[in-house]
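Engineer: Any chance you can model this:
(one chain, ligands or ions: 1)
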Amino acid sequence: MRTPLVAGNWKLHGSRESVVALADALRDGAENAAVEIAVCPSFVHLAEVGAALRGSAVALGAQDCAAQQQGAFTGEVAAAMLAEYGCRYAIVGHSERRSLFGDSDALVAEKFAAAQRAGLTPILCLGEQLAEREAAATESVLGRQLGAVLDTLGVAAFESAVIAYEPVWAIGTGVTASPEQAQAAHAYIRGQLAARDAAVAAGLRILYGGSVKPDNAAQLFACADIDGGLIGGASLVAEDFLNICRAAG
Ligand code: PGA
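Structural biologist: Next comes the predicted model:
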C-alpha cells in the first residue's frame, strides 16, 4: 500500500538559527515514525537543514526548481543543484507560484520534468480558487492542471511523483476543505490517472494541503484517497508538525 508522506512547506520563513533548531527538533521527534516525512526550507537554508537532518528519518525537499538545467537564467535554481544539496523532493506548481509569480500550467510541466531529470521526486500542486469552486469548476481546473503534465510527459511520469491537492481558498486561511470535499477531489485526480494506467494511479500518493492542523489532520488522513499532507503554517512548529505526522501513521 501507499506509505503516507507528510511534507512541511516552510515558505519564506526562518533564520539560519531558527531553521536549524526546527530541523533538530524534527530529527529527534521523527525517530521511529510510521510515515515518510520531508521538509522544504528556502533554497539558502537547504545546506544547513540538510546537515542537521543527515542520517535522520526526515527527507529534504525544495519549494520550487527551475525548468532549465543551466545557463543565463538569473535567480533560478536548477534541479541538479538541489539534488547535489541532498534534496529528494521538489514542490512544483504551488498556488503561490502560479498566482503570484506567473507559473503557467506549461511551465509547471517543464519544472516537473526538470525535477525528474535530476532524480528528484516532484510534488505537483493542484488546486482551484474559491470562485472556481463556487462556479462548480473544481474538476475542470484540476483536470486542466493535471492534464498539462499528463499530456506532455505521459502517465508513466507519475510512477515517481507525488501530487498535492491544495484548494487555494484553504491555504493559510484557517479554512480547511471538509474531508468529503478533499476526498472527492482526490478521487477525481486518481480517477484521471486510473483512466490511463490503473497501477500507476493506485501507487501514487496524493497529499492534501490547506490549513492542516493537529486537530483536523486525522479526519482528513482517514479518507481513502488522502495519503498524507503538505503542511504550511503548522510545519513551522515542531510539535504541531510531529503531531500531524503521527495522525498520518
Ligand atoms: P497552510 O499552507 O498549511 O499554511 O495552509 C499549505 C501550503 O501552502 O502548502
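Engineer: A helix includes residue 34, no?
Structural biologist: No: assigned with DSSP: H, G, I helix; E, B strand; the rest coil, residue 34 falls outside any helix and is coil.
Engineer: Name the residues that touch the helix or strand encompassing residue 146?
Structural biologist: Here residue 146 is covered by helix 138-153, with elements defined by DSSP states H and E. Helix 138-153 is touched from outside by 93, 105-106, 108-109, 112-113, 124, 126-129, 132, 157-158, 163, 165, 167, 185, 188-189, 192-193, 196, with contacts defined as C-beta atoms under 8 Å, 6 or more residues apart in numbering. For glycine as for every other residue, the C-beta is placed from the backbone atoms N, C-alpha and C.
Engineer: quick one: average confidence on that helix?
Structural biologist: Across helix 138-153, the average pLDDT comes to 98.
Engineer: ok, then the element right after it?
Structural biologist: Criterion used, DSSP H and E; the element after helix 138-153 is strand 162-165.
Engineer: coming back round to it: which ones among the contacts of helix 138-153 map onto helices?
Structural biologist: 105-106, 108-109, 112-113, 132, 185, 188-189, 192-193 (DSSP state H).
Engineer: can you list these in CSV and add pLDDT?
Structural biologist: Putting the ones in helices among the contacts of helix 138-153 into CSV (pLDDT from 0 to 100) gives the following:
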residue, pLDDT
105, 98
106, 98
108, 98
109, 98
112, 99
113, 98
132, 98
185, 98
188, 98
189, 98
192, 98
193, 98
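Engineer: Most widely separated two among these?
Structural biologist: 113 and 132 (25.9 Å; C-beta to C-beta).
Engineer: re earlier: list only buried entries from the contacts of helix 138-153.
Structural biologist: Buried members of the contacts of helix 138-153, counted by 16 or more other C-beta atoms under 10 Å: 93, 105, 108-109, 112-113, 124, 126-129, 132, 157-158, 163, 165, 167, 185, 188-189, 192-193.
Engineer: Now do the contacts for residue 235.
Structural biologist: 7-10, 39, 241, 244.
Engineer: Also near the ligand: which of those residues, exactly?
Structural biologist: Residues of the contacts of residue 235 in contact with the ligand (C-beta under 6 Å from any ligand atom): residue 9.
Engineer: among the contacts of residue 235, which two are most distant?
Structural biologist: Maximum distance among these (C-beta to C-beta): 14.1 Å, for 10 and 244.
Engineer: From the ligand, how far out is the most far-flung residue of the chain relative to its centre?
Structural biologist: Residue farthest from the centre of the chain, counting by C-alpha atoms, centre = their mean, is residue 72 at 27.8 Å. Relative to the ligand, residue 72 is positioned 31 Å away (C-beta to the nearest ligand atom, to the nearest Å).
Engineer: so what's that residue scoring on pLDDT?
Structural biologist: Taking residue 72 on its own, its pLDDT is 98.
Engineer: With residue 32 instead?
Structural biologist: pLDDT at residue 32 comes out at 88.
Engineer: The nearest residue to it once chain neighbours are set aside: neighbour count?
Structural biologist: Counting by C-beta to C-beta, 6 or more residues apart in numbering, the nearest residue to residue 32 once its immediate chain neighbours are dropped is residue 57, at 7.7 Å. Neighbour count for residue 57, taken as other C-beta atoms under 10 Å: 16.
Engineer: Quickly note the distance from residue 57 to residue 33.
Structural biologist: Distance, residue 57 to residue 33, by C-beta to C-beta, to the nearest Å: 5 Å.
Engineer: Residue numbers of the chain in contact with the ligand?
Structural biologist: Taking C-beta under 6 Å from any ligand atom as the measure of proximity, the chain contacts the ligand at 9, 166, 171-172, 209-212, 230-234.
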